[in-house]
Structure formats: C-alpha cells, structure tokens
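>>> Provide a 3D model corresponding to the input given below.
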Amino acid sequence: MNDLTLMRKNLFRKPVRTSLLLISILIAFLLFGVLVSFNIAITDVRTAPNRMVTLSKINFTETLPIAYFDRVEHMDGVLAATHMNWFGGYYQDPRSGFLATFAVDAPTYLEVYKDDLMLTPQARETFLHERTALLAPRNIADKYHWRVGQHIPLQSNIFTNATTGNHTWDFLIAGIFETPDGNSQANSVLIRYDYFNDTITFSKDRIGWISFLTTSAGVNDRVAHAIDTRFANSQDETSTQDAATFNRSFAAQLGNIALVVTLVVGAAFAAILLIVGTTIALAVRERTKEIGVMKTLGFSSGRVLRMVLGESLLLSFLGAALGTGAAAGVLFLLSKANGGGGGAGGIHLYPIVYAMVAAIALALGLVTGLLPALSAYRLRIVEALGRK
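Have a look, this model is predicted:
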C-alpha cells in the first residue's frame with residue numbers, strides 16, 4: 001500500500017463529512033468559474049488595434065451631430081469611418097428578448113467592419129439597398145429561429161416610431177452573419193440608420209458615436225488628440241479612445257463585475273478556508289494514536305507531514321475539478337439557451353480560468369493543510385500513544 005492509497009483511504013474514512021466538504025469546495029469553484037468567465041466575456045473583446053471610437057465627452061448615452069461624422073472621416077490619419085446609434089431593441093418579451101441592436105450607416109459600416117462580418121454577397125446587397133433590412137448574428141438567429149427573408153417586429157425601449165405611434169418597427173432579415181470568436185460583433189443586431197432616423201420622433205440627425213480605422217495603430221494618439229481638439233469648446237465636445245477601451249466602458253454599464261467577482265468569490269473561499277482547515281485539523285487529531293503507531297513502525301515525521309498535507313491537497317483539487325466541471329456545464333447550458341450553442345458567441349471557460357483554478361486549489365490545499373500537517377510532524381510517539 002503506497003502513500004497515495006493511504007491518503008485516499010484516510011480522506012474518505014468518513015464519507016459523509018468528506019462529501020459535504022467536497023460540495024462546499026465545489027460550490028466555491030462553481031461560482032468562481034462562472035463569474036470570472038462572464039467577466040472575461042464582456043470585457044475582453046477582440047478588436048483591431050487601429051480601431052478608434054469618437055463619442056460625446058459627457059457620456060456615451062449623449063449623441064453627437066451627424067455633421068461630426070463627415071469631419072472625422074476626412075481627418076488626416078483616418079482610413080475609414082462609420083457611425084452608429086443604440087436602438088435598445090427587444091424581440092417579443094422585453095424580459096427575455098433583449099437585443100443589442102445598433103442603427104448603422106450601411107455602406108461605411110460594412111467597409112469598417114468587413115473583416116468582422118462574414119456575409120454572403122446577397123445579404124450584403126440586400127442590406128445596402130433595402131431600407132428595412134436587418135442583419136443578425138448566427139447565435140441570435142438560431143435562438144429565435146429567424147431565417148433570411150423573414151419579416152420580424154423589433155421594439156425599442158427608448159424610441160417611438162413616428163409612422164405608427166408605437167415602439168415597434170418592422171424589419172426584413174437580409175442576412176445572418178458569422179463572426180470570429182470573441183469578436184465585438186458576436187451579439188450585435190444591425191439595422192439601417194436612414195430608416196431609423198426617418199422614423200424616430202426625437203434626436204433626428206444625431207448619432208451615438210463614430211467608429212473609425214486609422215492608417216496604423218502608431219498614429220492612434222495623434223488622431224485622437226486632433227479630433228478632440230477640433231471639437232473642443234463646442235456645444236458637443238468629444239472623447240476619442242481605442243475601441244477596446246470603449247468596449248470595456250460599455251460593458252461597465254452592467255456594473256463593476258470585477259468587484260462582484262472579488263466580493264462573492266472572496267467570501268466563499270474565506271468560509272471554505274475556515275471550514276476545511278478546521279475539519280482537517282479535527283481529522284488529524286482523531287488519528288493521533290494512528291500517527292503515533294505509524295511513527296513507531298518507521299514512518300518519518302517528514303513522510304507523515306507530506307501525507308497529511310497531501311490529503312488536504314487531494315481534497316482541494318478534487319473539489320476544484322468537480323466545481324470547474326460544474327461551471328463548464330452551467331456556462332454551456334446558459335450559452336445554449338442564449339443561442340450560442342456552447343461555441344462562438346457563447347460564454348465558456350477560458351484557458352486562463354483553468355490556470356487560476358489550479359493556482360487557487362493549490363493555495364487552498366496548502367493553507368488548510370499546513371497547520372495540521374505541522375502538528376502531525378511535531379507529534380512525539382509517547383505523546384501520541386498517551387492521548388485518550
């Protein structure tokens with residue numbers, strides 16, 4: 001019988017207690033995996049290094065005059081530019097059918113984002129020439145069973161349709177597009193700005209923000225400074241930043257996810273630390289005479305220390321593995337429910353999460369097992385055999 005077998009048998013000598021400990025650790029790592037993956041998914045959006053965004057200096061919810069677009073488009077260092085507005089749409093039920101819908105300038109948008117939208121030539125042509133056209137990402141289309149050529153109603157929680165007097169617009173699905181993994185367009189529903197602008201009751205001829213490509217990432221700062229200087233001291237001052245920063249600030253409107261992760265996971269692991277540490281210390285104390293017998297039979301103090309510490313690490317890594325597996329399953333189901341199918345466009349466990357789980361499991365096992373292991377290491381044979 002080797003040391004690993006002894007550790008396993010000692011760990012599961014009281015299966016109910018061990019099972020409860022494993023469940024506790026599982027829940028902690030389940031929360032960690034889900035929350036950290038969600039935080040990564042909404043903040044780590046991949047975008048071109050030379051993509052920039054110009055928006056209102058006050059807040060991205062404030063609009064800009066459409067005249068700004070032409071000025072930015074012709075600035076030195078700007079390769080191509082487009083503009084867009086937040087529509088705030090939902091499909092059918094506003095509680096479960098929220099859609100990140102943007103009203104875009106079709107010709108320039110397809111140019112600026114040509115590497116991000118995998119469209120058929122027919123879908124591109126329809127979007128360019130049909131005012132009511134809509135483009136949907138694959139995961140959204142699959143979720144609602146949309147098909148090309150179908151007419152669908154979308155409602156806005158911000159704007160009113162001047163033509164009908166309600167909050168509903170009718171759209172023709174011109175195409176369903178694919179995106180690279182992690183791309184910023186993965187969940188964006190696109191409608192045409194001209195149709196949107198002609199039918200809204202307020203904020204006409206205003207745009208949400210301008211997205212543009214610079215000639216190279218090396219001129220980003222110079223172009224940003226030139227744009228903001230041009231509109232300084234105007235009624236609508238601007239703030240120009242790289243697209244990655246803009247995407248993070250946009251996601252931050254959901255709340256400080258990083259802080260939530262820290263507080264929730266920190267509280268969970270603090271509780272687990274106390275529970276597991278106390279339980280392992282109690283388990284070692286229950287086996288005091290056994291440890292004395294083992295040392296009498298020739299087990300060195302170092303070997304006993306390694307075995308006790310090994311039990312703690314085995315418990316920690318087993319619970320972490322179960323919790324990580326549960327987190328992967330939960331994220332897969334959530335992704336599938338939202339149309340992601342567990343693949344592109346859906347939230348999943350990122351490689352960095354596995355590395356973080358391994359590091360935390362190692363730390364948890366060492367911290368909870370170190371004191372009981374040192375206690376067993378220092379235990380003398382006479383003292384161990386003399387305890388009642």
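
>>> now the residue lying closest to Arg303 once chain neighbours are set aside: how far from Val308?
Taking CB to CB, 6 or more residues apart in numbering as the measure, Arg303 lies nearest to Asp3, with 7.2 Å between them; neighbours along the chain are not counted. Heads up, the C-betas are built off the backbone N, CA and C, glycines and all. Counting by CB to CB, to the nearest Å, the gap between Asp3 and Val308 amounts to 11 Å.

>>> and these two? which has more neighbours close in?
Ranked by neighbour count (other CB atoms under 10 Å), Asp3 and Val308 place Val308 first, with 27 against 13.

>>> right, and that one touches Leu370 too?
No: here Val308 lies out of contact with Leu370, judged by CB atoms under 8 Å, at a distance of 9.2 Å.

>>> For Lys14, grab phi and psi.
The phi and psi torsions at Lys14 (degrees, to the nearest 10) take the values phi -120, psi 90.

>>> how many neighbours does it have?
Burial of Lys14 is recorded as 14 neighbouring residues (other CB under 10 Å).

>>> list the contacts for it?
Lys14 makes contact with Ala283 under the criterion CB atoms under 8 Å, 6 or more residues apart in numbering.

>>> how about Leu55, secondary structure?
Three-state call for Leu55 (DSSP: H, G, I helix; E, B strand; the rest coil): strand.

>>> ok, it touching Glu237?
No: between Leu55 and Glu237 there is no contact under CB under 8 Å: 10.5 Å.

>>> pLDDT weak spots in the stretch 51-200 of the chain?
Confidence mapping of the stretch 51-200 of the chain against pLDDT under 70 gives the ranges 95-97, 181-184.

>>> how about the helices of it, start to end?
Listed from the start of the chain, the stretch 51-200 of the chain has helices (DSSP state H, counting those that start in this stretch) covering 67-73, 106-112, 121-129, 138-144, 193-199.

>>> Please enumerate the strands of this structure.
Along the chain, the segments classed as strands by DSSP state E run 51-56, 64-65, 78-86, 89-90, 98-104, 133-137, 151-156, 168-177, 188-192, 206-207, 209-214, 238-242.

>>> right, and the ones you listed - which one's nearest Val264?
Set against Val264 and scored by CB to CB, the strands of the chain come closest in strand 98-104, at 23.6 Å.

>>> The closest one: which residues count as buried?
Leu99, Ala100, Thr101, Phe102, Ala103, Val104 (16 or more other CB atoms under 10 Å).

>>> just stretch 146-160 next, same as before
By neighbour count, with 16+ other CB under 10 Å as the criterion, the buried positions of stretch 146-160 are Trp146, Ile152, Leu154, Gln155, Ser156, Phe159.

>>> longest helix anywhere in the protein?
Determined from DSSP state H, the single longest helix within the chain is helix 301-337.

>>> That one packs against which elements?
helix 3-11, helix 15-43, helix 257-286, helix 288-296, helix 351-378 (3 or more CB pairs under 8 Å, 6 or more residues apart in numbering; DSSP states H and E).

>>> who does the last one touch, helix- and strand-wise?
Using 3+ CB pairs under 8 Å, 6+ apart as the contact definition, the elements that helix 351-378 packs against are helix 15-43, helix 257-286, helix 301-337.

>>> for it, the distance to its chain's centre please.
27 Å (CA atoms, centre = their mean, to the nearest Å).

>>> tell me the average confidence for it?
Model confidence over helix 351-378, given as mean pLDDT, is 87.

>>> Can you check what angle separates that helix from helix 15-43?
In terms of direction (axes from the mean of the first three to the mean of the last three CA atoms, to 10 degrees), helix 351-378 departs from helix 15-43 by 150 degrees.

>>> Need phi/psi at Arg147.
Per-residue torsions, Arg147: phi -140, psi 160 (degrees, to the nearest 10).

>>> In contact with it, which residues?
In this structure, Arg147 makes contact with Ala141, Ile173, Ile176, judged by CB under 8 Å, 6+ apart.

>>> just Tyr68 next, same as before
Contacts of Tyr68 by CB under 8 Å, 6+ apart are Thr54, Ile207, Ile210, Phe231, Asp236, Thr238.

>>> Can you tell me how far it is from Arg51?
Tyr68 is 18 Å from Arg51, where distance means CB to CB.

>>> Also His83?
Counting by CB to CB, the gap between His83 and Arg51 amounts to 14 Å.

>>> just Leu331 next, same as before
If you measure Leu331 against Arg51 using CB to CB, the figure is 28 Å.

>>> hmm, back to that, which one of the helices and strands packed on helix 351-378 lies closest to Glu73?
With CB to CB as the measure, helix 15-43 is the member of the helices and strands packed on helix 351-378 nearest Glu73 (29.0 Å).

>>> Helix 301-337 and that closest one, what's the angle between them?
Between helix 15-43 and helix 301-337, the angle comes out at 50 degrees (the same axes, to 10 degrees).
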